[in-house]
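Asks: what's the 3D shape of this:
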Amino acid sequence: MLRADGAGGDHLQHLKPGQTIIAVADPGATSAAEAAVLRTQLLAKAEWQSIRRFVGSELQHDRVVAWSLVRLGLSQAFPVRPNEWVFSRREDQRPFVLAPRGLPPFQFSLSHTSGLIALLVTSAAQGGVDAERMERTEDLPLVASNICAPSELAALKLLSGAAWQERFFEFWTLKEAYAKARGPGPSLRWSDVAFEIEARRRVKVRFASEVAGQPAGWQFWRHRIRTGHMLAVALRGDPGDAGIALQPVTVRAVEQNAWLEMLGGSSSL
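Replies: Predicted structure coming up:
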């Protein structure tokens, strides 16, 4: 029987009203042998068939670990066995939980980039997470000119080198997290959503008139991970007293068992 236990498992158990949990994992920390157990014993056949379409064993490995993290992470938040979750996809290909029914309202969001997988589980009305590896490439200035609002471009002009790169990835991941949380709807131009990183790293946002909704209804966070990744979260609604907890984990498996290994203590964003 598959389990979601292991040392420190209580960190993710029993999602509270107003609580948001973010579990981050390095897919490379899960061995090929463990991934084989996860694939055969944990994932649904349809999930593996979808993963097989990716070319290359590394991409397939990362996605096996990613969807295992989804199942194990959700089972730490709710009293459901990891292999009992049933997922489907909306018209825009966003995954959602089809079964079991009767759980308290919640949202989950998944992001995977080179060397990092992030899972967000929240009781907020809408929530999204995005993670990116902060690699400097020659086309980043061109990307910035295409996705950034005028105020963001002005802020970038005051920076150079590593500081420019970090601020660019802050803007990029915040926009991606908002788009994931917002979901399908009228087309969104990246430049219509302008972020400002204030003192003490507080995040403010301004919406252009074309964007539905009010900025006051949204909360945003960003966090630089020591592995060289930028993480951003977007939530609609008051996060409540429970707040946001970031938990590094490793997806583990042996024979018939799978679990999350908690790495260190949980930290609040």
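
Asks: Can you list the strands that the longest strand seen in the chain pairs with?
Replies: Longest strand in the chain, counting residues (DSSP state E): strand 243-254. When pairing is defined by DSSP bridges, strand 243-254 lines up against strand 19-25 (parallel), strand 257-262 (antiparallel), strand 267-268 (antiparallel).

Asks: Reformat those strands as a markdown table; add mean pLDDT and distance to E210.
Replies: Quick note: C-beta positions are derived from backbone N, CA and C, even for glycine. Formatted as a markdown table, these follow (pLDDT from 0 to 100; distance: least, C-beta to C-beta, whole Å):
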| stretch | mean pLDDT | distance to E210 |
| --- | --- | --- |
| strand 19-25 | 94 | 28 |
| strand 257-262 | 91 | 41 |
| strand 267-268 | 68 | 34 |
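
Asks: ranking those strands by burial, who's on top?
Replies: Neighbour counts (mean count of other C-beta atoms under 10 Å) averaged over each of these peak at strand 19-25, with a mean of 25.

Asks: how far does it sit from the chain's center?
Replies: 8 Å (C-alpha atoms, centre = their mean, to the nearest Å).

Asks: is it true that R81 touches S75?
Replies: Yes. Between R81 and S75 a contact is recorded at 6.4 Å, counting by C-beta atoms under 8 Å.

Asks: Please compute how far the longest strand of the chain lies from its chain's middle.
Replies: Using C-alpha atoms, centre = their mean, the offset of strand 243-254 from its chain centre is 12 Å.

Asks: packing partners for whichever strand or helix holds F195?
Replies: Secondary structure assignment for F195, by DSSP states H and E: strand 193-197. Judged by 3 or more C-beta pairs under 8 Å, 6 or more residues apart in numbering; DSSP states H and E, strand 193-197 is in contact with helix 150-157, helix 161-182, strand 203-207.

Asks: tell me the angle it makes with strand 203-207.
Replies: 160 degrees (axes from the mean of the first three to the mean of the last three C-alpha atoms, to 10 degrees).

Asks: Given strand 193-197, what are its sheet partners and their directions?
Replies: Strand 193-197 pairs in its sheet with strand 203-207 (antiparallel), by DSSP bridges.

Asks: got the domain boundaries for the protein?
Replies: Domain segmentation of the chain under automatic domain parsing yields 1-124+241-264, 126-238.

Asks: Can you give me the first-to-last residue distance of stretch 38-48?
Replies: 10 Å (C-alpha to C-alpha, to the nearest Å).

Asks: per-residue confidence at E135?
Replies: Here, the pLDDT recorded for E135 equals 90.

Asks: Now do the same for it: helix, strand or coil?
Replies: Recorded secondary structure, E135: coil (DSSP: H, G, I helix; E, B strand; the rest coil).
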